[in-house]
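# only geometry, no sequence info:
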């Protein structure tokens, strides 16, 4: 893409007040020229943008950006809802929505720009605002649980479960009015709670947030003026790996036309290891994240996978019929799933300080971005005051919506929210996995369902608690992902917060309205074997009904495992804190160890392959690797994410993969 107009023209075209845009870049150019004797051997990324003005936070909030956001956010909300209603699909990797959203934004904007309709090209700050707003709108659908806990309250779902618990206190049929009120009062609280911690998480601890980082590199690569050889090499490198990942994802999809089909079950380490879950997923996303993650994160994931799937879970499986009901569903509280869902994610994590900066130019880029990130201050007192006010409103409104939910239940929910929020933010910041939301939901369901009991509407109480805590946690963690993108694109945290707030508020209105459309158009919504059976609604209600029995519902020794895992997480984190830094980096991170136990050990293989590529590259040319590893990893992630959009389109038009590939054991291996 050609560079934007000169600052003076830019100012006239946008009618903006630019606050001395050249001064910071002059300082940056001077600092890079000094360096540590390396000069411009490793060019500054931010220096490439020295001819592009940095708008004030107010000027980043453009009407055209919000218009684009609302249109795309509505389309993605409808698409996501349609998929979740059909097959309950909820992707555990946050980056897909972001990458797909930005890819569509950029493609559409390029077309409109060529027609000369929109005037000046969108700035990278506007693209970041669009990203935050679109994810805010679609995030309500993801965390809102219409296909799971919300419809799990309904009479339609209750009548299809065994046993049938359809008394009035345990039923709440969804409607537009109370959904809108519920979302508005619970989805915005987490935003203002987490804002004061942005400096600690993004600047001090430097948590990775691979999806936010990938989107940031995507925006920078596409927006960068191609005047220097380094800038062209950046864009070319990103384009190559983006294209490779996109094409490879398409090729592998062609062979997934059946159950357990495709290259994603490739037995790289042999069939015995594959049976334990250690197979190569061939996912560009996971390999890309593995390249970007620090080594102690990779080691923690590998140790967690080995501990969980090579030893602990196989031993628990042998206790089938002895410790837990033999015919119980593997995901229920009665069976094997109860052990698997109780992990160390409830332990407060210790931050992993990691920086990819390995040269003077990259370090100065970091300093430049940090200064811009901290320039627009957001009052901590104001943030906590708004958070407290929203909590108070929620404590009043939620019991009105759900008479079964007492006000003191909601108070306890918000006491637990920060613990779960920081756990999810750490897991997402280190691995980009959003597994904590699902686990938080199950834990909340169990706690509040057993507390209320069946006679006081325990099912509705449990599912409502799932929503209150899940909405808080999701909005807080998603905002940090957007802050990471904004940090890399030199966007204002104020504009990102406003964009996120606006997006969530719009999503709270759009989501119930689209849901109402499905209710009216498909009267059999949620009925088994119908067009949209909502397959997750029933199992979610089952979990709530099991929880009514209290701790007695859990298999033998399940709580003991939970207590031991919690204590172990605390002890290991204390050890990490007291050890000298050079030794602390070799101590695994308990929360990260829990990720593969919950998701599956296959991710450890992909992550390790990505990390191995990164290690070899750094061994051969560390300076080059520090610059290009994030770009290559982001390209792999973005290409895989864009293909996900096409798969969604194929789903809408009923296109299916034409072939099936399976890997079978030979007779000697059986």
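Looks like it arrived, so ask away. Only a predicted model underlies this, so the values are computations on that prediction, with no experimental measurement involved.

# just the helices in the stretch 451-600 of the chain please.
458-488, 493-521, 537-547, 558-578, 581-584, 590-599 (DSSP state H, counting those that start in this stretch).

# now swap in the stretch 1-150 of the chain and tell me
Using DSSP H, counting those that start in this stretch, helices in the stretch 1-150 of the chain cover 7-14, 22-34, 63-87, 95-114, 124-144.

# same list (the helices of the stretch 451-600 of the chain) but as JSON lines, adding mean pLDDT, distance to residue 61 and mean neighbour count.
The way it works is simple: take the backbone N, C-alpha and C, and place the C-beta from them, glycine included. Output for the helices of the stretch 451-600 of the chain, formatted as JSON lines (pLDDT from 0 to 100; distance: least, CB to CB, whole Å; neighbours: other CB atoms under 10 Å):
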{"stretch": "helix 458-488", "mean pLDDT": "93", "distance to residue 61": "13", "mean neighbour count": "28"}
{"stretch": "helix 493-521", "mean pLDDT": "95", "distance to residue 61": "5", "mean neighbour count": "21"}
{"stretch": "helix 537-547", "mean pLDDT": "88", "distance to residue 61": "38", "mean neighbour count": "25"}
{"stretch": "helix 558-578", "mean pLDDT": "87", "distance to residue 61": "40", "mean neighbour count": "15"}
{"stretch": "helix 581-584", "mean pLDDT": "82", "distance to residue 61": "41", "mean neighbour count": "10"}
{"stretch": "helix 590-599", "mean pLDDT": "83", "distance to residue 61": "35", "mean neighbour count": "26"}
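
# just put the ones you listed in CSV and tack on distance to residue 445.
Below are these laid out as CSV (distance: least, CB to CB, whole Å):
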stretch, distance to residue 445
helix 458-488, 4
helix 493-521, 21
helix 537-547, 5
helix 558-578, 15
helix 581-584, 36
helix 590-599, 16
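
# ok, which of these comes nearest residue 134?
helix 493-521 (6.6 Å; CB to CB).

# just to revisit the earlier point, of the helices of the stretch 451-600 of the chain, which is nearest residue 531?
Using CB to CB, the helices of the stretch 451-600 of the chain put helix 493-521 closest to residue 531, at 9.5 Å.

# compute the inter-axis angle for the closest one and helix 458-488.
Angle of helix 493-521 versus helix 458-488, following axes from the mean of the first three to the mean of the last three CA atoms, to 10 degrees, is 140 degrees.

# tell me how far helix 493-521 lies from the chain's centre.
Its chain's C-alpha centre and that of helix 493-521 lie 18 Å apart, by CA atoms, centre = their mean, to the nearest Å.

# coming back round to it: least confident of the helices of the stretch 1-150 of the chain, on average?
Note on the helices of the stretch 1-150 of the chain: helix 7-14 shows the lowest mean pLDDT, a mean of 34.

# so who does the closest residue to residue 170 other than its chain neighbours touch?
Of all residues not flanking residue 170 in the chain, residue 459 sits nearest, at 4.2 Å (CB to CB, 6 or more residues apart in numbering). Residues in contact with residue 459 (CB atoms under 8 Å, 6 or more residues apart in numbering) are 153, 165, 170, 449, 541, 544, 545, 548.

# ok, 10 Å please
By CB atoms under 10 Å, 6 or more residues apart in numbering, the contact set of residue 459 is 152-153, 158, 165-167, 169-172, 404, 445, 449, 452, 541-545, 547-548.

# before we move on, what about residue 247?
Per CB under 10 Å, 6+ apart, neighbours of residue 247: 639, 643.

# quick one: what helix or strand has it in it?
Assessed by DSSP states H and E, residue 247 sits inside helix 229-253.

# right, and the helix or strand after that helix?
Following helix 229-253 toward the C-terminus (DSSP H and E): helix 271-275.

# for stretch 386-393, buried residues please.
386, 387, 390, 391, 393 (16 or more other CB atoms under 10 Å).

# so what touches it?
For stretch 386-393, using CB under 10 Å, 6+ apart, the contacting residues are 181, 184-196, 379, 410-411, 413-414, 417, 472, 501.

# just the buried ones among the residues you listed, please.
181, 184-196, 410, 413-414, 417, 472, 501.

# where in the stretch 101-250 of the chain is pLDDT low?
When residues are selected by pLDDT under 70, those of the stretch 101-250 of the chain lie in 101-120, 227-228.

# related to what we said a few turns ago, what comes up buried for the helix holding residue 247?
Buried, per 16+ other CB under 10 Å, within helix 229-253: 230-231, 234-235, 237-238, 241-242, 245-246, 248-249, 252-253.

# what of stretch 274-288?
Neighbour count says stretch 274-288 has 274, 276-288 buried, by 16+ other CB under 10 Å.

# let me know the angle separating the helix or strand harbouring residue 624 from helix 63-87.
In this assignment (DSSP H and E), residue 624 forms part of helix 622-652. Interaxial angle, helix 622-652 versus helix 63-87 (the same axes, to 10 degrees): 60 degrees.

# state the mean pLDDT of helix 622-652.
81.

# buried residues, it. List them.
Quick answer for helix 622-652 (16+ other CB under 10 Å): 625-645, 648, 651.

# show me what it packs onto, helices and strands only.
If contacts are counted by 3 or more CB pairs under 10 Å, 6 or more residues apart in numbering; DSSP states H and E, helix 622-652 sits against helix 63-87, helix 95-114, helix 210-223, helix 229-253, helix 284-292, helix 360-375, helix 602-620.
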